[in-house]
Each structure stands twice: as structure tokens, then as C-alpha cells.
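Undergrad: No sequence on hand, only this structure:
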């Protein structure tokens, strides 16, 4: 089957997935955030087949998320470090961590995020830097941007239509209820 | 090739990827956040093959991220709505949106996040709800939790070792520089 070209889609979420749509790539990036840089460190951490690891590392380098640096000449040995784009993936990683802990850790949490200074558990929440408000469906929404394509505009229009219909239905229900 | 069982790994990021490691699944969830519920809406939005869409919807229902509801008896027609776990995926989605806009939208942004009240652009940032501090490598770190396995503890130990080595190297460099 031909690989889907998510990178040619207009949506920024699809564009992101073109680069990190493969689970192994995300776990390699996780290990890079731990400061791991070497092939054998990734391999031990991930239990991944060497040919697969080579492939994923090459693709992360090509995609500009990792930079390859030769740290030994004879024999030639490379290490891999996060680029700016790779480091900027951190909020996605932390949001995945929080979500996994909340829903998929029935036996208890194996990894937690803490404050270095106090050692207290962190409760990560996404806010708007400008207003300080927590991002929520009530207060925020997506909108077609300057480079929006027809399909993006169609999605926003259908979303608005469905939201208006749901609100009209809710109003009818409450009117019915108050008329009883 | 056998599919890797990310769900059996201890790491909460790997656990999350067991459920959303497939790019189509994330794009279906995106459309669910827009309020889309029906097969033909997803299909038009995604341009995905019907058999693939059926497969991904079934797997999202099995994983507990979507709930299937029959809205028509003859012919039988189902719609799909987010569960609590599905809705809780929103911060990951928004972090992917922000990352994609920042690094993979050379022609300009096609989708932006705005404040409903003011219409102003949102700059999403992850903070600790308790302290209000922005989550950063300087102030926060991951740590083995109560259900940590050997491999999780090994990762944390290697991370601490590499961080200490990097700090020692930085100290040496600055000592060398001041001795000049």
C-alpha cells in the first residue's frame, strides 16, 4: 500500500504527523529528551531492531528533528542530538505523558513529571500565554488561517453548522422542558 | 512484520501511542473535535479509503476513544462521538497544531487557534496548574513513578548520569576559559 502523504495536507496537525506519525520516532525523541545520543543507548532503551532504529534515526535527521554528529573517526561513530524543531516537540510529548498516565496506567504510574525544586507532582495544563486562560472548547476555537485551502474552510463551515444545530436542539429541549 | 506492542511497555508515552500511533486515528479525532460524527463527514474531510476509515473507527471504538451510537434503524446508520478519554486528548492535538504551524507551514498558517471572545490569536503554553510555572527542562523533570519497571529506572539513571557528565564538562570548559 502506498504511504499517505500527510505533509501535502493543509492542516498543521497532518503536517506534524508527516514527521512524527511513526510511534518509534516519538519514542526515540523521548529518549533524546532524556539526553540519550548514541545508537546503543536508543537500542537498549527501546528494544528495537537495529535496522529499524537506523531507518528511524535517518528519517528524523532528514526531517530536521535530529542532528547527526560524528564523535569518533576510527571507527566512525555518530551521535544524535535534538534540533530546535525537535526540542519544540516537548509539549506534545508531555501532553502524551499526562494522557497516558490518566487513562492507560491501571497498575499505577511508571513515570511522573515533577518540579525540580520542590519534588512536587506537576499537573500540566495548556493555557493561552496572552490571557492566561486555560485552553477550552468554551473559550477558544480554531479558525481558517491566511493559507487555508478549500477543505480547511469546508471543515470550519461544517463545524459551525453542526454547532449551531446542536445549540438550536439544546434550546428546543430546554423550551420543551420549561413549557411542561 | 509483526506489529509492536507499545501497550505492554511501561512508559505512559508508549501506552498512549498504542492507541493513537496511527496518523489516521489522530486525524479522525481532530474531526471529532470539530463535531463531525458521521462516516461520510469523516470520509469527505479526510479523503480516506472507506475500508481504512471503517478499520480506524472500529479501532478507536475498541480503544475507548469514540462511542458508537446508532442514529437510524432502517437502514442502520451509526455516528461516532468522543468519550471522556477521547476528549482528554485535546491538549495533545493542540500541541501538535502549534508545532505544525511553527515548523511546517512555510506558505503561512492554514489553521489557527483563537479566543472566541476577542478573536485574538492564542499562544498555547504548557504550565503547572499548581505553581503556574511554564513547564521547562530547567524547572521540571520526569521521575520513576510507583509502578516503574527496571527499564524505566535504567532510563532515569542514564539520564542523570549523562546530565551530570554534561554539567562537569561545562564546568571544565568555563574553568579553562577563565584560566586563559
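TA: Ah, there it is. Not measured: the values here are computed from a predicted model.
Undergrad: For the rest of this, base every contact and every neighbour count on C-alpha atoms.
TA: Fine.
Undergrad: Neighbours of residue A:119, how many?
TA: Applying other C-alpha atoms under 10 Å in any protein chain shown, we find 12 other residues in the vicinity of residue A:119.
Undergrad: So for stretch A:35-50, what gets flagged as buried?
TA: Residues A:35-37, A:39, A:41-43, A:45-46 are the ones in stretch A:35-50 that count as buried (16 or more other C-alpha atoms under 10 Å in any protein chain shown).
Undergrad: Let me know the closest of these to residue A:63.
TA: Nearest to residue A:63, judged by C-alpha to C-alpha, of those is residue A:37 at 17.1 Å.
Undergrad: Contacts only, for the closest one.
TA: For residue A:37, the contact set (C-alpha atoms under 8 Å, 6 or more residues apart in numbering or on different chains) comprises A:79-81.
Undergrad: could the buried residues of stretch A:35-50 go into JSON lines alongside pLDDT and secondary structure?
TA: Shown next, in JSON lines, are these (pLDDT from 0 to 100; DSSP: H, G, I helix; E, B strand; the rest coil):
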{"residue": "A:35", "pLDDT": "96", "secondary structure": "coil"}
{"residue": "A:36", "pLDDT": "97", "secondary structure": "coil"}
{"residue": "A:37", "pLDDT": "97", "secondary structure": "coil"}
{"residue": "A:39", "pLDDT": "96", "secondary structure": "helix"}
{"residue": "A:41", "pLDDT": "97", "secondary structure": "helix"}
{"residue": "A:42", "pLDDT": "98", "secondary structure": "helix"}
{"residue": "A:43", "pLDDT": "97", "secondary structure": "helix"}
{"residue": "A:45", "pLDDT": "97", "secondary structure": "helix"}
{"residue": "A:46", "pLDDT": "96", "secondary structure": "helix"}
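Undergrad: ok, back up a step: just the buried ones from the contacts of residue A:37?
TA: Neighbour counting by 16+ other C-alpha under 10 Å classes A:80-81 among the contacts of residue A:37 as buried.
Undergrad: Filtering the contacts of residue A:37 by proximity to chain B, which remain?
TA: With C-alpha under 8 Å from any C-alpha of the partner chain as the criterion, these include none near chain B.
Undergrad: ok so, going back, nearest to residue A:138, of the buried residues of stretch A:35-50?
TA: Using C-alpha to C-alpha, residue A:35 comes nearest to residue A:138 of these, at 38.3 Å.
Undergrad: measure the closest one to residue B:165 for me?
TA: Distance of residue A:35 to residue B:165, given as C-alpha to C-alpha, to the nearest Å: 11 Å.
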